[in-house]
Each structure stands twice: as C-alpha cells, then as structure tokens.
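K.L.:
Just a sequence and a predicted model for now, questions to come.
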Amino acid sequence: MYGEQYKHLSSDAKLAYIVLKDRLEYSLRNHWVDEKDHVYFIFTNQELINLFNCSEHKVIKIKAELKSAGLLLQKQMGFNPKTKKNEPNRLYLSKLDVKATDVYLRGEYWQKSLKPLLQAELQKMQLIYIKTIKGSVSNTVDASNKSGIHY
C-alpha cells in the first residue's frame, strides 16, 4: 500500500483491503477453493456495512475502487435451486504488486513515522511500570513502618 500505484486509493479502500485479506486467510485455513483451485471468500455487503458502519452505497463504492485497482474480483453466484436462496458473491483478492522501492518506502515510513511513536509509547509504559513498582514498594514500606519494622 506504500507504492505509487495504490497511492490514489482512499483510506476506506485500504482498510477494506486489510479486512478482506484477513477473511481470505480464514478461507485459506479452511481450504475454500473453487472448481479452478482459486481461493475465494465470502464477505457480504451487509457484513461490511455493519463493520464499517456505513451505507450500502459506500460499500459498493469501496469494492468498485478495489476492483479498479485490480485488487478485488467478485463472482455472482445467483440463485441456488437446492437451497432456494440467492448465494452470496464469491470474492477473490489479488496480491499487492510490490516493488523494491515500495519496500524501501515502507522502511522509510517506519523510520520516520512509526518507530518514534512506538518508542514514545514504550517510554510511557516504562514510566507507568516504574511508578507502579515504586508505589507498591512505598506502600509496603509504609505498611511495614506501621507495624514497627524499620529499614
């Protein structure tokens, strides 16, 4: 998602790709393959509407955006006479086209943006931990002093 060819995708489309990729991995674990041995998954529009808390129009727009980027293919399954129901579309997700420069950009992004944030969060956690430990020690000392024990 760091490359030039995906730069135009909206944040919603990028997030949807990640969510759909997660569902694809579930399909891989469960060996959901079609007659051509292609891995597919099912993620209904209603599920996406509920997940993203948006309208059906927005979900359709996001899917169209992923389709135009060559990342999503939908196969309409239509009416199944055995179940007497309309079957949900099968979705096929393409792999991202990653170039060496994209990997480099990802590394740069990590160095410039995420790593400092992670380090700041780690420092906050360490301070909280130290304060907690000191608080526990001082409470123990205070309780010990009340009982007449001195250090």
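P.N.:
Thanks, I have it.
K.L.:
make it CA atoms for all contacts and neighbour counts henceforth
P.N.:
OK.
K.L.:
which secondary element of this structure has the worst mean pLDDT?
P.N.:
Sorting the helices and strands of the chain by mean pLDDT, DSSP states H and E puts helix 100-109 at the bottom, at a mean of 49.
K.L.:
how about Glu87, what does it touch?
P.N.:
Met77, Gly78, Phe79, Asn80 (Cα atoms under 8 Å, 6 or more residues apart in numbering).
K.L.:
pLDDT on the strand or helix carrying Leu51, on average?
P.N.:
Assigned by DSSP states H and E, Leu51 belongs to helix 45-52. Throughout helix 45-52, pLDDT has a mean value of 94.
K.L.:
what's the angle from the next helix or strand after it to helix 45-52?
P.N.:
Following helix 45-52 in sequence order, the next helix or strand is helix 56-68 (DSSP H and E). Orientation of helix 56-68 against helix 45-52 (axes from the mean of the first three to the mean of the last three Cα atoms, to 10 degrees) gives an angle of 100 degrees.
K.L.:
Contact partners for the closest residue to Leu66 other than its chain neighbours?
P.N.:
Spatially, and ignoring its direct neighbours in sequence, Leu66 is nearest to Leu72 (5.4 Å; Cα to Cα, 6 or more residues apart in numbering). By Cα under 8 Å, 6+ apart, Leu72 lies in contact with Lys63, Leu66, Leu91, Tyr92, Leu93, Ser94.
K.L.:
Look up how far Tyr40 lies from Leu72.
P.N.:
Distance of Leu72 to Tyr40, computed by Cα to Cα, to the nearest Å: 11 Å.
K.L.:
Ala13 against Lys67, yeah?
P.N.:
No. Using Cα atoms under 8 Å, Ala13 is not in contact with Lys67; the gap is 10.1 Å.
K.L.:
In terms of neighbours, single out the busier of these two.
P.N.:
Set Ala13 next to Lys67 and count neighbours by other Cα atoms under 10 Å: Ala13 wins out with 19 against 15.
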